[in-house]
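> mind looking at a prediction? Sequence and model below.
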Amino acid sequence: MAQSTAETLREMYAALMEAYGPQAWWPGETPTEVVIGAILTQNTSWKNVERAIARLRSAGALDWGRLRDLPAEEVAELIRPAGYFNVKARRLKNFVAWLFAEAGGDLAGLADRDVGSLRESLLSISGVGRETADAILLYALGKTTFVVDAYTARVAKRHRLIDVEAGYDELKELFEGALPADAAMFNEYHALIVEVGKRHCKPRAQCAGCPLERFPHAESGDEL
DNA sequence: GACCAGGCACATC
DNA sequence: GATGTGCATGGT
């Protein structure tokens, strides 16, 4: 009898940790940088996001008060390397307005809010969808919520752990249901999935040498 | 030159 | 509720 999907997910975590070790995502950065990065990385490579963040830093704009006061056009110019810069400048401004309304412009003021209501409130911001909200909750605020992204979907579907048509919420429930509710573990697992995604689980899979190769999977050629 | 990258909002059916 | 489209830079 085959092992359960939940067991497979836990074994995959162990295999990835064995192969790559702790990722320590966003360790030296401030929660402010994490939030900005979460918005800028929407459908964009992290390399380009780093360039944009560096430009914000040089301009002294890694600061909510400064971002609030800068015209959207100037924010857009600063974040140009991240792509979709006009859209993302508005999204940053939307988040800033929300943060001042909710917590006086200080992320620390959100620390005591419970995950559920905070997630709902974040989702009310235009430009903050489910993945961005979960990334902010987990990586900036340390809340226990699993982050699903394109890599998560690809890995889970390639390994037949979920229906190929499954959406965000189903994937989130798959992982949260299989794992202990531990923010540190959710943090590591998501980061490890991104790592294996970048190295192996690409649109055209490179399964040879993948830490997850021993787990049953579809080969490249499947449109995933 | 095509394809891809840690999405999201909005229009339309 | 499902599907299609615009948004834009930089790497392969």
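Received it, and whenever you're ready, just let me know what you need.
> check residue A:219 and give its pLDDT.
At residue A:219 the predicted local confidence, pLDDT, stands at 72.
> next one: it from residue A:159, what distance?
For residue A:219, the distance to residue A:159 equals 12 Å [Cβ to Cβ, to the nearest Å]. Where you see a C-beta, it was placed from the backbone N, CA and C, and this is true even at glycine.
> find the residue closest to the closest residue to DNA strand B within chain A in space, skipping its chain neighbours.
Nearest residue of chain A to DNA strand B: residue A:129, at 2.3 Å (Cβ to the nearest atom of the strand). Spatial nearest neighbour of residue A:129, excluding adjacent residues (Cβ to Cβ, 6 or more residues apart in numbering): residue A:123 at 7.3 Å.
> for residue A:143, which three-state class applies?
Per DSSP: H, G, I helix; E, B strand; the rest coil, the secondary structure class of residue A:143 is coil.
> tally of neighbours for it?
Counted with other Cβ atoms under 10 Å, the neighbours of residue A:143 add up to 20.
> now it. Its backbone dihedrals?
phi -80, psi 150 (degrees, to the nearest 10).
> per-residue confidence at the closest residue to it other than its chain neighbours?
Among residues not flanking residue A:143 along the chain, residue A:137 sits closest, at 4.1 Å (Cβ to Cβ, 6+ apart). Per-residue confidence (pLDDT) for residue A:137: 97.
> how about residue A:180?
So, for residue A:180, pLDDT stands at 97.
> so which residues on chain A come close to DNA strand B?
A:25, A:37-38, A:41-46, A:48, A:83-84, A:87, A:125-133, A:135, A:139, A:147, A:149-151, A:194, A:197-198, A:202-204 (Cβ under 7 Å from any atom of the strand).
> contact partners for the residue in chain A positioned nearest to DNA strand C?
Closest residue of chain A to DNA strand C, Cβ to the nearest atom of the strand: residue A:83 (2.5 Å). The contact partners of residue A:83, by Cβ atoms under 8 Å, 6 or more residues apart in numbering, come to A:43, A:44, A:48.
> can we see that at 7 Å?
By Cβ atoms under 7 Å, 6 or more residues apart in numbering, the contact list for residue A:83 reads A:44, A:48.
> quick check, the residue nearest to residue A:143 in a strand?
No - counting by three-state DSSP, residue A:137 falls outside a strand, being helix.
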